[in-house]
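Chemist: sequence and predicted structure below; questions after.
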Amino acid sequence: MRRMRALPDRWTSSLLAACALLSACANFTPEQCRSANWYSLGEQDALLYGLQPQIHHMAYQCQKVGVQVAEKDYMDGWIVGDRERAVRLLGGTCCAP
């Protein structure tokens, strides 16, 4: 009798990456654009999703409603989140301050 194998890691990884990308590209409402904590969003994108910065998607959506995003704040948060993610994955310390 043949046993069923678990889904390949490669397939699972691809599915998770696609889900993360879709969630990162969610539409912002005009109110979300105006009240967003850009630092926190950048930190979450790096820490939770491990993605490249997604600020360009948000900037495009918010620009349509006349809101300019705080790109510096987002990137400052993204850098902190990326460092923390690396520490969690690799253990110990990571990057220079």
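Modeler: Looks like it arrived, so ask away. Numbers count the residues shown, from 1 in each chain.

Chemist: next, count neighbours for the residue lying closest to A70 once chain neighbours are set aside.
Modeler: In this structure, A70 finds its nearest non-sequential neighbour in W38, 4.2 Å apart by CB to CB, 6 or more residues apart in numbering. Backbone N, C-alpha and C define where each C-beta goes, glycine included. W38: 19 surrounding residues under other CB atoms under 10 Å.

Chemist: contact partners of the helix or strand harbouring A86?
Modeler: According to DSSP states H and E, A86 maps onto helix 71-90. Helix 71-90 has contacts (CB atoms under 8 Å, 6 or more residues apart in numbering) with 38-48, 50, 53, 55, 58-59, 93-95.

Chemist: go again using 7 Å as the cut-off
Modeler: 38-47, 50, 53, 55, 59, 93-95 (CB atoms under 7 Å, 6 or more residues apart in numbering).

Chemist: pLDDT on stretch 60-76, on average?
Modeler: Stretch 60-76 shows a mean pLDDT of 94.
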